[in-house]
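1. Need the 3D shape of this:
(3 chains)
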Amino acid sequence: MVELLRYRDDEPHDEPAVTLDSFLGQSNATAVRIESGEDARALLPHLGRLSLVEVSFPKFRDGRGYSSARILREAGYTGELRAQGDVLVDQIPLMRRCGFDSFAPEAEVDEAVLTASLARYDHVYQTAADAYVPVWKKRHG
Amino acid sequence: MYKYDEYDHSIVASRVEEFRDQVQRRLAGQITEDQFKPLRLMNGLYLQLHAYMLRVAVPYGTLDSRQMRMLAHIARKYDRDYGHFTTRQNIQYNWIKLEDAPDILADLASVEMHAIQTSGNCIRNISSDQYAGAAADELTDPRPWAELLRQWSTFHPEFSYLPRKFKIAVIAADEDRAAMRLHDIGIQIVEQDGVLGAKVFVGGGMGRTPMIAPEIKGFVPIEDLLSYLEACLRVYNRYGRRDNIYKARIKILVHEIGADSYRAQVEDEFVEVKKLGIDPPKAEFDRIAAHFADPAFETGLSDEIDRSDPDFAVWLDQNTVAHKQPGYAIVNISLKPAGGIPGDASSAQIDLMADIAEQYGFDELRVTHAQNIVLPHVKKADLYTIWQQLTEAGLAEANLDLISDIIACPGLDYCSLANARSIPVAQKIATRFADLGRQRELGELKLKISGCINACGHHHAGHIGILGVDRKGTENYQLLLGGSGAEDTSLGQITGPGFSEDGIVDAIEKATDVYLAQRGEGERFLDTYRRIGMAPFKEAIYG
Amino acid sequence: MKILTGNDLASGDVTWWTGDSWSRHVEEAIDVADQGEAIAQAEEGARRVNAPYVIDATQTPEGPRPAHIKDRIRALGPTVRPDLTLKPADPAAGSWVI
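-> Presented below is the predicted three-dimensional model:
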């Protein structure tokens, strides 16, 4: 089992995440897993009771999960947002920008490489779901 | 033109270090080729037939002489003394070593250049009108809009793993010199009630399923443009097909669900996205636009040109275009010498073009989607001197938009995707029609050659198009007629069975004979084809 | 015959498997019979080659000739730039490709 990478201060959620279908069919689950082709907006009415959303990345080339993450963060979701699956170290900085704050990659991630990647860019061009201030805002105070 | 500030410099410098680290990890075996491939592609580095190939971005085709000289320097130092200008206004080097790539990127960064997103399933280099800022017919300079999009699309966190590549073109004239509607997103800057905004077309493209982009939105004000495009891209990222690489471009999504349904989804998404505050203030657009202010044109210059040298007069008529400023002209430098390789230039030629631009052209050059170079702002009084210098360097072929001004992809001589060679066909056609008088008699005739169905040579958009295919291990060439990448966009139709390399040249000659025999007053080849249809051409070619 | 080809990882040069190493010259390629995939995997793992693959070729007095034109162009170089091929002084080299 590869270690979970987490960028949150709260305790990890320990219940297993249920599928989207079972989540929508039962009222007490607080963790859900959405597949890359599933509509993250289906979760929007239930954000208040969610503490973990796990987004699946079946292949690293499948970028649908980046949009799922942003949609959830844009709607105000503040719980844990986890990227699970074929998640590569070079993708994690962009995933962080989209609002993911935990990662369950299938293969080992080199922590030294990851630390360097996350610290590499001092500036970004766009507003996204993270705390970076886009350069256009810095340019105009 | 745009100059980097400290932020742009910092971002590009970080990118160089990031790629240096990625290359080092690949060479050390810490990542596999399968994992490295998307990383190197997002920096324009391919593994081609003979070596690695590096594609360097020339944002919206605009360069200054210092950047142009750096391109020559890279050709000399790291490659084999030449580069290849592409249909997306970029330049490619064919003989790059992986271990040199980080140093090349560092050299590029020193002149505010990069190879960011020149490949991969992300938003590619934004292309534009090569006459931007100089054309007599433009509404405004489209490049500030293109630069805004360049910055927005660079390392976009949500759109770096799209279903497929994504190409955007921006123009601001009714005459379309950038094949705008054959892009994933085409933008034409238009005016409404005295305000400039973007008319947005989505879902065009060439490749194996060519499509002309339908209009999705008639007017998007600058204050909403990034939100609107973000909505366009998000709908694609979520719903574009990922099950079949050949159906993954946005044109297939728009075609399958219909433009109306796509538009409705984008409008819904726009409502959400607009709340996020991702659009920079107008002041940021104005900051960018200030970089594209007109150079200090002299006023009161004469438009008279001494035409006493007949060879010069031919070049003048064929390769120069009206400038918005009296006394100035736009110069096209053809990279299509008879029998040469379309789009290739030696480092000495690249240096010379840089020198001329610095001395006579307000230090500006453009790369065109037809694989030529433009000097956008030249005094008419300097044209003769420039022509003489170009002539000496083999750069004064007077064939702009004529049959030998051929767009050709690298084809099987260089490309691992190709099924047939493109360049030898281009050379044979240019040689067959070498007589300039004959070419001028044929008039505007855009001939475009692709060596495979991916259509990098824009064969669908050629008045005459050629598609190379592999027929049982032998190169074979299909002929298409009637395409256009201009404002009268149309897709060429295949004439019938394909030809050998020599056969295709004969077939083209027969097609041009039909045109000469049947043309009406003022008709171009394309106009005659549209009027009389395919049948007479088929009859002449196969009859 | 079957021969094994790929590119050098660092330089990108086209290379051919000679039995114990990689050569830039297709003439030195050997018949790998049914061992191509196994050799490719081992050599790629050792980073002595990138993107290796097995192709069909015919043995000729001058050495193996790849069955497909694409690999013949890889073996020689671009047909439109004889000066950049492995045989710049041999005007007949191009006809070997076609």
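2. what's the span of stretch B:249-268 from first residue to last?
-> 21 Å (Cα to Cα, to the nearest Å).
3. Can you pull the poorly scored residue ranges out of chain A?
-> Within chain A, the ranges that satisfy pLDDT under 70 run A:1.
4. same thing but at 50, please
-> For chain A, no stretch is flagged by pLDDT under 50.
5. burial of the closest residue in space to B:Arg432 that isn't next to it in sequence, as a residue count?
-> Among residues not flanking B:Arg432 along the chain, B:Val505 sits closest, at 5.3 Å (Cβ to Cβ, 6 or more residues apart in numbering or on different chains). Just so you know, the C-beta spots here come from the backbone N, C-alpha and C atoms, and that holds for glycine as well. B:Val505: 19 surrounding residues under other Cβ atoms under 10 Å in any protein chain shown.
6. quick one: contacts for B:Val505?
-> The neighbourhood of B:Val505, defined by Cβ atoms under 8 Å, 6 or more residues apart in numbering or on different chains, consists of B:425, B:428-429, B:432.
7. Return the closest of these with respect to B:Ile171.
-> Closest to B:Ile171 out of these is B:Ile429 (28.6 Å), distances taken as Cβ to Cβ.
8. Help me confirm that that closest one comes into contact with B:Ser404.
-> Yes. Here B:Ile429 reaches B:Ser404: they are 7.1 Å apart, a contact under Cβ atoms under 8 Å.
9. More neighbours: the two, which one.
-> B:Ser404 (27 against 22).
10. Dihedrals phi and psi, B:Ala434?
-> Main-chain dihedrals, B:Ala434, degrees, to the nearest 10: phi -60, psi -30.
11. correct me, but B:Asp502 touches B:Lys428?
-> Yes. Here B:Asp502 reaches B:Lys428: they are 7.2 Å apart, a contact under Cβ under 8 Å.
12. hang on, the earlier thing: who touches both of B:Ile429 and B:Ser404?
-> Shared contacts of B:Ile429 and B:Ser404, defined by Cβ under 8 Å, 6+ apart, comprise B:Leu447.
13. Enumerate every residue touching the residue nearest the centre of chain A.
-> Residue closest to the average C-alpha location in chain A (Cα atoms, centre = their mean): A:Phe100, at 2.3 Å. By Cβ under 8 Å, 6+ apart, A:Phe100 lies in contact with A:55, A:69, A:81-83, A:92.
14. got the contacts of B:Val505 as TSV, with distance to B:Glu298 columns?
-> Formatted as TSV, the contacts of B:Val505 follow (distance: Cβ to Cβ, whole Å):
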residue	distance to B:Glu298
B:Val425	45
B:Lys428	45
B:Ile429	42
B:Arg432	44
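15. Now flag whichever of these is closest to chain A.
-> Of all the contacts of B:Val505, chain A sits closest to B:Val425, with 34.4 Å by Cβ to the nearest Cβ.
16. Could you pull up the contacting residues of that closest one?
-> By Cβ under 8 Å, 6+ apart, the neighbours of B:Val425 are B:408, B:449, B:466, B:468, B:477, B:501, B:504-505.
17. Give me the subset of those residues lying in helices.
-> B:501, B:504-505 (DSSP state H).
18. B:Gln24 versus the residue in chain C positioned nearest to chain A, what's the distance?
-> Nearest residue of chain C to chain A, counting by Cβ to the nearest Cβ: C:Gly45, 16.3 Å away. From C:Gly45 across to B:Gln24, the span is 19 Å (Cβ to Cβ, to the nearest Å).
19. can you check B:Met353 too?
-> Applying Cβ to Cβ, the value for B:Met353 to B:Gln24 is 35 Å.
20. of those two, who's got more company?
-> The neighbour count for B:Met353 versus B:Gln24, taken as other Cβ under 10 Å, is higher for B:Met353 (28 against 12).
21. Tell me who's in contact with the residue lying closest to the more buried one once chain neighbours are set aside.
-> Leaving out its chain neighbours, the residue that sits closest to B:Met353 by Cβ to Cβ, 6+ apart is B:Ile373, at 5.7 Å. Residues near B:Ile373 by Cβ under 8 Å, 6+ apart: B:85, B:332-333, B:335, B:345, B:353, B:365-367.
22. returning to what we had before: got a quick PyMOL command for the buried subset of the contacts of A:Phe100?
-> The following PyMOL line selects those of the contacts of A:Phe100 that are buried, judged by 16 or more other Cβ atoms under 10 Å in any protein chain shown:
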select buried, chain A and resi 55+69+81+82+83+92
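23. and the contacts of A:Phe100, which of them are in helices?
-> Per DSSP H, the subset of the contacts of A:Phe100 in helices is A:69, A:92.
24. Rebuild the contacts of A:Phe100 as JSON lines, extending it with distance to chain C.
-> Converted to JSON lines, the contacts of A:Phe100 look like this (distance: Cβ to the nearest Cβ, whole Å):
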{"residue": "A:Val55", "distance to chain C": "32"}
{"residue": "A:Ala69", "distance to chain C": "33"}
{"residue": "A:Leu81", "distance to chain C": "36"}
{"residue": "A:Arg82", "distance to chain C": "32"}
{"residue": "A:Ala83", "distance to chain C": "28"}
{"residue": "A:Ile92", "distance to chain C": "25"}
